[in-house]
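A.B. asks: Take a look and give me a structure for this.
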Amino acid sequence: MGVVQSLVSRQFNKFNVENRAQKIISQDKPKPAPKFDSNLRDLERVLQEYPELVNKQNKKDELLDDNLKQVYVTSTRSEPTRQRQLEYALPLDRSAVDDFEFGHLEPQKVSKGRCTLRQAMEFISNHQTDPSQWTAAAISKRYDLKESLVNDILKHFKPFELHLPENKQKGKAFPNTSNTNKLLN
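C.D. replies: Numbering: from 1, shown residues only. As a prediction, the model looks like this:
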C-alpha cells in the first residue's frame, strides 16, 4: 500500500510544477518577513523625530566617499614566516618498517618470571629435540620461570606437530549420499 501512496503523492507533487515555478520567479519583489509590533512602533518614532533620515540614507555622502578614496593602506614590513616549534622530533628515516618476526616488537628487557615468544619457542623446540638435557627444571632455572609453569607450557604447546581430524564418515547414519546417487545413476 505504501508504494501506491508514494506513486500518487509524487504525481500530485509533479502536477503543474513549471507554472508554479514561473509564478514564483516572475514576482517583482519578495515579501518581507513580518515585523513585531514593538519594532514597528520604534521605526515610526524614529521617522517622526528624524524625517530627513530616510533621504540621508538613500543619498550618497560625497565627503565620506572622498575621504575613503584617499585612504590607502601600504605595508612596509613583511611578516617573517615562522616555523612552528614542535614539542617532539620528527622522524628522519621515512622508510617502511619491516614486519616483526613474531608479529610484534620484542621487548629489550624481560622481567623475572616472564619470557619472550622467541625464548618460549626456543626452549620448547630444544625440549623436543633433546628432552633429557632440556628438562623443565633446567629450563626454569635458565629462564627464571616457575617449574610448574614450564611443565604446563611443555605439556600444552608443541610446535611442528600436525593434528589431523578423525574421519567423520564412520559415525554418520547416511555416509556420503552423493556417492550413492552417482552409483545409482
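
A.B. asks: could you list every residue that touches Lys158?
C.D. replies: Under the criterion of C-beta atoms under 8 Å, 6 or more residues apart in numbering, the contact partners of Lys158 comprise 124, 128. Bear in mind the C-beta positions are built from the backbone N, C-alpha and C, glycine included.

A.B. asks: before we move on, what SS does Val8 have?
C.D. replies: For Val8, the secondary-structure state derived from DSSP: H, G, I helix; E, B strand; the rest coil is helix.

A.B. asks: wait, what's in contact with it?
C.D. replies: Val8 makes contact with no residue, according to C-beta under 8 Å, 6+ apart.

A.B. asks: Quick check: it vs Asp28, distance?
C.D. replies: Here the distance between Val8 and Asp28 works out to 36 Å (C-beta to C-beta, to the nearest Å).

A.B. asks: same deal with Thr81?
C.D. replies: Here the criterion is C-beta to C-beta. By it, Thr81 lies 53 Å from Asp28.

A.B. asks: swap in Asn55?
C.D. replies: Computed as C-beta to C-beta, the Asn55 to Asp28 distance reads 24 Å.

A.B. asks: Give me the more crowded residue out of these two.
C.D. replies: Taking neighbours as other C-beta atoms under 10 Å, Asn55 and Asp28 compare with Asn55 leading, 8 against 4.

A.B. asks: Torsion angles phi and psi at that one?
C.D. replies: Note on Asn55: its backbone torsions stand at phi -70, psi -40 [degrees, to the nearest 10].

A.B. asks: mind checking which helix or strand Ser38 is in?
C.D. replies: If you go by DSSP states H and E, Ser38 is part of helix 37-49.

A.B. asks: just Val54 next, same as before
C.D. replies: With elements delineated by DSSP H and E, Val54 resides in helix 53-58, which encompasses its position.

A.B. asks: helix or strand right after that helix?
C.D. replies: With DSSP H and E, the next secondary element past helix 53-58 is helix 62-70.

A.B. asks: Pull the residues that contact the helix or strand just after that next one.
C.D. replies: The C-terminal neighbour of helix 62-70 among helices and strands, as given by DSSP H and E, is helix 117-129. With contact meaning C-beta under 8 Å, 6+ apart, helix 117-129 is reached by 101-102, 104, 106, 110, 115, 133-135, 139, 142-143, 150, 153-154, 157-160.

A.B. asks: Could you give the average pLDDT over helix 117-129?
C.D. replies: Confidence over helix 117-129, taken as the mean pLDDT, stands at 93.

A.B. asks: Also stretch 52-71?
C.D. replies: The average pLDDT for stretch 52-71 rounds to 90.

A.B. asks: so how far is that stretch from its chain's centroid?
C.D. replies: If you compare the mean C-alpha spot of stretch 52-71 with that of the full chain, they lie 55 Å apart, counting by C-alpha atoms, centre = their mean, to the nearest Å.

A.B. asks: Since that was my last question, I'll sign off now.
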